[in-house]
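Novice: Predicted model follows, preceded by the sequence.
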Amino acid sequence: MITQYIFYFFAALLIIAAGMVVTVRNPVHAALFLVLAFFSTSAVWLMLEAEFLAIVLILVYVGAVMVLFLFVVMMLDINLVPMREGFARFLPVGIIIALLMAIAMGSVFTAIYFNGAHLDVVTPTATDVNNSRELGKLLFTEYLYPFEIAGAILLVAIVAAISLTLRTGRSKKTQDPSAQVSVKRADRVRMVKMKSEKKSG
Amino acid sequence: MQELSLRMLENYLPILIFISITLVMGMGFFIVGYVLGPSKPDSEKMSPYECGFEAFEDARMKFDIRYYLVAILFIIFDLEIAFFFPWAVALREVGMVGFWAMMLFLGVLVIGFIYEWRKGALEWE
Amino acid sequence: MLSDIFQWIQGSILSPLVNLVVPELFQDEALLLLGILVKIVAILIPLLLSVAYITYAERKIIGYMQCRIGPNRVGFFGYKLLGLGQPIADAFKLIFKEIIIPSGANKTLFIIAPVLSFAPSIAAWAVIPFDDVSVLADINAGLLYILALTSLAVYGVIIAGWASNSKYAFLGAIRSAAQIISYEIAMGFALVCVLIAAGSLNLGEIIEAQSGSFLHWFWIPLFPVFLVYFISGVAETNRAPFDVAEGESEIVAGFHVEYGGMAFSIFFMAEYANMIMISVLTSIFFLGGWLSPLQGVPLLGSIPFLSDHGLIWLLMKTSLFLFCFLWFRATFPRYRYDQIMRLGWKVFLPITIVWIVIISIMVVAEIPPWFN
């Protein structure tokens, strides 16, 4: 009983937050509503006993992806007038894309692969299974190959991110901290012993 | 199914309550301060701090692209960490196959890291 | 011990109360809920008191390190008591200060920001085991939960900096956000090492995996990671010597420059709660949490009281690390920003990656005495 109330609460929160993401004017507010949406999703996943995935959703999406979003969005000028100027021009394209997405999402309910019939009914064992350990066992036996592919994709992502953002060839005034850190006293200071030159007069 | 959801609930209900209480507490502190503190605004006091100058432009400005690069690299490494977690927990069960699979994954990650390093993506000036 | 007290409270206060007030149908739920609330209060009150008194300890300790005596005037009932009343007086002062919301600020976000930095720093305490049975939520993914919550700390900073609409706040926020996420990587990899060594995400089981004697604790097989984790923790909480985010001399106070009174003190409480959090976590992951250091020691281990495990050991280990936080602040000059980024990415990250390989080989090869 209680579980149902909690589910409906978070489901409603998720829908409201998702709605706000697209309707709110201020992009920073929109990004924060997206964070709220992720939180509610995570709560719903938790109720499906996807403990590991739920927390990783927060760790990766809220903790990392949305931080980048915020970085980008915060730098934008929030001068909204020029942003809305081309609205009428892009409207037809937007409608077509929205329609395509609606069809794609609708097909989930009808298509052969998505109707759920070929899926096993999830029957969790009554014992106290450790969600993350089971996931690990599966990932490193059955899904080993996709896992390695994921590693390769992440490598591509690193290379792409660097080649997109890093501008080389500009005049650099860098300090080399490792050289600075490894400086010894003997490199900089020379101790000189000499006699006092004070005249007796 | 119902009773299993209940088990999850038993584990996470305290956390849900705890998080709600901390949020309420944070707001509560703010409200207490707002209610009990004086409120005598004037235009000088409300203006943003700028070492005695008038603020002469909007504070939200463009900043170095390096910060974005750091954020992107952070996402990638965070994802890698997310992959490490189930492996670390199951290492004793998956045995040598799992071990070498992760070493391969880690090798690919290290290649990316070396690339970053050599490209100077980690340099700050 | 803690659980005995809780049982007593539940048995002789809560259940009669529930029997008296709540209708029969909901009595079980009400009892459960009240039990949770009692536990939460039992965590929150000592936590907030320690936050208040760490500020006192900080001023006192740094004072003595600099040959001053620190606060020594404010006491209770006319007795000075070494200035023990200082934090209380400070709290009252802050409550009665004006909260200024700058005219150019985004009001909603300006108010939400301190709450967002406060909530995760406190909420992480939900999974901390205080002894072998006392923990608010004994979840399987405890360590993951902690990591997820620490990754939220950056929101308070970014939002505060942006909402204030002040240059100093914005610069401080961007700097500090980049610093926090950089050190989170090192921290995450360090935690992976702990995880490999313990084989479990549950904090209680991580502690159990270290039992034996103080030589079985993870600080020996994970020594470099232990240092990396604690130093990253110092950087993550924006404490000296990694406090360029507030760097008084250049950007005045960083992201919370526009905050005053209670709004500022919420950030302050979050920072200190995070400090305690990092200290507790370091002692749990590397120094065996509530395990007694005398366990397994030939002669001393048989003394009945000293060799018992319990909260007292966790508190002592935590205090040790908290003292280090204050000690660092009194000792080290502030790092330059490029040095901070270099330390995080070019020193800590490689160390942890190498150590992941080493520790997993040790686990696979079942090296005694830790992994047999």
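Specialist: Noted; the coordinates are in hand.
Novice: residues contacting A:Phe147?
Specialist: The neighbours of A:Phe147, taking C-beta atoms under 8 Å, 6 or more residues apart in numbering or on different chains as the test, are A:Leu139, A:Phe140, B:Phe83, B:Ala101, B:Phe105. C-beta coordinates here come from the backbone N, C-alpha and C atoms, glycine included.
Novice: want to throw the residues you listed into TSV with distance to chain C?
Specialist: Compiled in TSV, the contacts of A:Phe147 are given as follows (distance: C-beta to the nearest C-beta, whole Å):
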residue	distance to chain C
A:Leu139	15
A:Phe140	12
B:Phe83	10
B:Ala101	12
B:Phe105	11
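Novice: count of neighbours near the nearest residue to C:Pro369 once chain neighbours are set aside?
Specialist: Leaving out its chain neighbours, the residue that sits closest to C:Pro369 by C-beta to C-beta, 6 or more residues apart in numbering or on different chains is C:His216, at 6.0 Å. C:His216 is flanked by 18 other residues according to other C-beta atoms under 10 Å in any protein chain shown.
Novice: now C:His216: how far from chain B?
Specialist: In this view, C:His216 and chain B are 17 Å apart by C-beta to the nearest C-beta, to the nearest Å.
Novice: okay, residue 201: pLDDT?
Specialist: Assuming you mean chain A. Looking at A:Gly201, its pLDDT reads 60.
Novice: meant chain C actually
Specialist: 88.
Novice: Quick check: it touching C:Leu144?
Specialist: Yes: the criterion here is C-beta atoms under 8 Å, and C:Leu201 meets it with C:Leu144 at 5.6 Å.
Novice: quick one: low-confidence ranges for the chain?
Specialist: Just so you know, I chose chain A. Low-confidence segments of chain A (pLDDT under 70): A:1, A:76-86, A:109, A:111-129, A:167-175, A:200-201.
Novice: actually chain C
Specialist: For chain C, counting by pLDDT under 70, the residues that fall below are C:245-253, C:301, C:306-307.
Novice: and C:Trp162, that's in a helix?
Specialist: Yes: counting by DSSP: H, G, I helix; E, B strand; the rest coil, C:Trp162 is located in a helix.
Novice: Check the gap between it and C:Ser292 for me.
Specialist: Per C-beta to C-beta, to the nearest Å, C:Trp162 is found 48 Å from C:Ser292.
Novice: which one of the two has more residues nearby?
Specialist: Using other C-beta under 10 Å as the criterion, C:Trp162 and C:Ser292 rank with C:Trp162 on top: 26 against 22.
Novice: Contacts only, for the more buried one.
Specialist: So C:Trp162 contacts A:Val28, A:Leu70, A:Met74, B:Arg60, C:Asn106, C:Leu109, C:Phe170, C:Ala173 (C-beta under 8 Å, 6+ apart).
Novice: Just the closest residue of chain A to chain B, please.
Specialist: Using C-beta to the nearest C-beta, the single residue of chain A nearest to chain B is A:Gly136, 2.9 Å away.
Novice: picking that back up, okay, C:Leu201 and C:Leu144: which has more neighbours?
Specialist: Using other C-beta under 10 Å, the more surrounded residue of C:Leu201 and C:Leu144 is C:Leu201, with 30 against 27.
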